[in-house]
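J.: Provide a 3D model corresponding to the input given below.
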Amino acid sequence: MSQTPIAPQVTGKMFLFERPELLSRQAHGDLGLDAAPKPFAFCAKIRAIPLTVSEIPEASKYYPVVFMSKEEPLPIAVLGLNSEFNLFVDDNGNWEQQAYIPGYLRRYPFALAGESGGGERMALVMDAAYEGLSRSAGRKLFENGEMSEFAKQAMEFTKTYEQDRRLTEQVMTHLKKFDIIQGQTAQYTPAGASEPRPFAQYFGVDEQRLNALTDEQFLELRRMNVLPVLYSHLISLANWRSLISRRMQRFNMTEIEAVAGQRLS
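T.: Numbering: from 1, shown residues only. Here you go, the predicted structure:
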């Protein structure tokens, strides 16, 4: 008695993926992808997104780039303030024109997943909840029983991203020994006020600790090619102010309301 092969399953959760499934001919052989009506609606309610080290110089032009924690200093781009709301996605689900779109989002609805035993083999994962997925879509996932050119290109992009992600983990792990990532406080000075007020806590480079490194330590950072990343991060902190302005405009708030995260009665 013949049995229909069961498609392999994804275990665990993936950030922003509602129904992650391993791409397979059995489950997705007749499906294709078109652009979703609201292409970035899937990330319209997030405040931050992971970055790779290669993305930081460009991302720093638009977002505050900070680190997840002192113990796990992975870089993230801050997209919103005080609420689960991405200030770079409009009501039509479009990303703000000209602003850099992080690779984690550009690869969606695809990603890579490793085998459960911890080996090096990787498989292409797709979010089956993606709105553009259908049998009538023009860009097929499989053709003549094999992955289509479209799916192969998606695979290559996700492979490149995964390589950057792993490199980022290696660099950040090495960076921890310098002990320059510390808890920081973002502040602003309201119009007419004489003293700055804190409005966000984050992890970032402590400039005093960075400047206090020995010549040998500084040279090691240069050899790691991480200095441009650190300085881009520091420059990006000026974007906290632009996030406040975006929130004011988006919700028609005063500056104090935007920073406080709620309307004042």
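J.: Downstream of the top helix by length along the chain, the next helix or strand is which one?
T.: Across the chain, the longest stretch assigned as helix under DSSP state H is helix 149-175. Toward the C-terminal end, the helix or strand that comes next after helix 149-175 (DSSP states H and E) is strand 181-188.
J.: so what secondary structure elements neighbour the following helix or strand past that next one?
T.: From strand 181-188 onward toward the C-terminus, using DSSP H and E, the following helix or strand is strand 197-205. Counting contacts by 3 or more CB pairs under 8 Å, 6 or more residues apart in numbering; DSSP states H and E, strand 197-205 is packed against strand 65-67, strand 181-188, helix 227-236, helix 239-251. Glycine gets a C-beta too; all of them are placed from N, C-alpha and C.
J.: ok so, going back, would you mark the buried spots in the longest helix of the chain?
T.: 150-151, 154-155, 158, 161-162, 164-165, 168, 171-172, 175 (16 or more other CB atoms under 10 Å).
J.: likewise stretch 96-109?
T.: Result for stretch 96-109 [16+ other CB under 10 Å]: buried residues 100, 101, 102, 103, 104, 105, 107, 108, 109.
J.: In TSV, list the residues you listed along with distance to residue 195.
T.: Output for the buried residues of stretch 96-109, formatted as TSV (distance: CB to CB, whole Å):
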residue	distance to residue 195
100	34
101	37
102	35
103	40
104	38
105	38
107	44
108	43
109	47
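J.: how close does residue 145 sit to residue 18?
T.: Here residue 145 is placed at a distance of 28 Å from residue 18 (CB to CB, to the nearest Å).
J.: And for residue 239?
T.: Distance from residue 239 to residue 18, by CB to CB: 29 Å.
J.: And these two? Which one has more around it.
T.: Ranked by neighbour count (other CB atoms under 10 Å), residue 239 and residue 18 place residue 239 first, with 19 against 11.
J.: Can you give me the pLDDT of the more buried one?
T.: Looking at residue 239, its pLDDT reads 96.
J.: in terms of contact, does residue 167 touch residue 53 like I think?
T.: Yes: taking CB atoms under 8 Å as the definition, residue 167 is a contact partner of residue 53 at 6.6 Å.
J.: Surely residue 139 and residue 31 touch.
T.: No: between residue 139 and residue 31 there is no contact under CB under 8 Å: 9.9 Å.
J.: buried sites along stretch 66-79?
T.: Those would be 66, 67, 68, 73, 74, 75, 76, 77, 78, 79, for stretch 66-79 by 16+ other CB under 10 Å.
J.: go on, stretch 226-244?
T.: Buried-residue list, stretch 226-244, by 16+ other CB under 10 Å: 226, 229, 230, 232, 233, 236, 237, 239, 240, 243, 244.
J.: quick one: which of those residues is nearest residue 26?
T.: residue 229 (42.6 Å; CB to CB).
J.: packing partners for the helix or strand hosting residue 125?
T.: Residue 125 belongs to strand 122-127 when assigned by DSSP H and E. If you count contacts as 3+ CB pairs under 8 Å, 6+ apart, strand 122-127 packs onto strand 20-22, strand 110-114, helix 149-175.
J.: Would you mind giving the ones you listed as TSV with mean pLDDT and distance to residue 131 added?
T.: Listed next are the helices and strands packed on strand 122-127 as TSV, based on pLDDT from 0 to 100; distance: least, CB to CB, whole Å:
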stretch	mean pLDDT	distance to residue 131
strand 20-22	94	15
strand 110-114	88	15
helix 149-175	95	17
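J.: which element is the closest residue to residue 260 other than its chain neighbours on?
T.: Nearest in space to residue 260, with sequence neighbours left out and distances taken as CB to CB, 6 or more residues apart in numbering, is residue 82 at 7.4 Å. Under the criterion of DSSP H and E, residue 82 resides outside all helices and strands.
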